[in-house]
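Novice: Take this sequence and fold it.
(chains A and B)
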Amino acid sequence: MTAGAAEIRPAGDDHLVETHQTGMPTVMVGMLLFIASEVMFFGGLFATYFNARASVAPEPWEPPPGGELDMALAGVLTAILISSSFTMQFGVWAIRRGDTGKLKMWTGITLVLGLLFLAGQLYDYSQLGFGIADGIFGTVFYTLTGFHGAHVFGGAVGLTIILARAMQGQFSGRNHVAVEAVSIYWHFVDVVWIAVFSTIYLLR
Amino acid sequence: MSDTAFGFILLGVAMVVVLGIVFAITTRSGPRPRPPSGVHLPPPSYLPVILSIGAAIMGLGLVFKPDDQFANLFLLIPGLLVFIGGCAAWVRAANHEWRDTEHGDGGH
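Specialist: Below is the predicted model:
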């Protein structure tokens, strides 16, 4: 058997019995499949971005008149999100050692960093000077960064659940697959932001 | 403060409230129940389709709108209701399914 699924009895038995876990836990397989679908989802969004950008050439690709991207703020937000990946991983390493106290601490810090990122993004939106309906640039900018922000919020929900469960003592050195799954998702969201930042802010 | 900034502040507050609710529900639930043994497959259901229809109607409400409004409320609100109703029905169905499986009433 693969993927930690339960062993299935041969034909003739009318029920299924779980005997032992082997291979990768089912939760991890599910998370990896989910992330694979998310890669395709964001792939579509990036394709839309580049298609829109190519369609306006040779006109310059820039925000609508009166609007401007805040490179400095975006840089700070990038640093915050990358830092949060490190703190998340510190939490994973802590629970692998069975240190639940450190797991709570690092998960809490990661959650705060994630919320800081979201607050910074909302502040950025309020200061940009253009909206989603202001030309093709505004549309693809808000679509790409907005969907990423929604994913960060989803990660924050996952981190909140991990923190709450950790506070109830539901994780141990041997039982922490949910922490690993959420950490993979959080790293994925981080990597996507690096791609978003590079595409929108660096490839001008 | 502009309406846009106020809207984003409201969105931020809503996010924090949702996280607080998630935290409260998770800490209140006590020890997590173990899933039933064996491989369990969910039964066929129309609810994912209903959820998608609700989301699509909401999307139409955001697209086909008067120029001076954020959305077409005659599409957005029914879509939202279908979406929320679909979510609630799906959660209920999953709970029933869990109980049926626990009590050995089939569903495998």
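
Novice: What average pLDDT does the helix or strand hosting residue B:20 get?
Specialist: Using DSSP states H and E, residue B:20 sits within helix B:3-28. For helix B:3-28, mean pLDDT rounds to 84.

Novice: ok, then the element right after it?
Specialist: Toward the C-terminal end, the helix or strand that comes next after helix B:3-28 (DSSP H and E) is helix B:47-63.

Novice: Show me what counts as buried in the longest helix anywhere in chain B.
Specialist: What stands out as the longest helix in chain B, according to DSSP state H, is helix B:73-102. For helix B:73-102, the neighbour count (16 or more other CB atoms under 10 Å in any protein chain shown) marks B:75-76, B:79-80, B:82-83, B:86, B:97, B:101 as buried. Every residue, glycine included, has its C-beta placed from N, CA and C.

Novice: That helix vs helix B:47-63, what angle?
Specialist: Angle between the axes of helix B:73-102 and helix B:47-63 is 160 degrees (criterion: axes from the mean of the first three to the mean of the last three CA atoms, to 10 degrees).

Novice: Just checking the distance from the strand or helix carrying residue A:195 to the centre of its chain.
Specialist: Per DSSP H and E, residue A:195 falls inside helix A:177-197. Taking CA atoms, centre = their mean, to the nearest Å, one finds the center of helix A:177-197 at 4 Å from the center of the full chain.

Novice: Run through who's touching that helix.
Specialist: Applying CB atoms under 8 Å, 6 or more residues apart in numbering or on different chains, the contact partners of helix A:177-197 are A:25, A:27-28, A:30-32, A:34-35, A:38, A:42, A:46, A:74, A:78, A:81-82, A:84-85, A:88-89, A:91-92, A:95, A:103, A:107, A:110, A:114, A:144-145, A:148, A:151-152, A:154-155, A:158-159, A:161-162, A:165-166, A:171.

Novice: of those residues, list those near chain B.
Specialist: A:161, A:165 (CB under 8 Å from any CB of the partner chain).

Novice: Please, where are all the helices along chain A?
Specialist: A:26-56, A:71-96, A:100-127, A:135-167, A:177-197.
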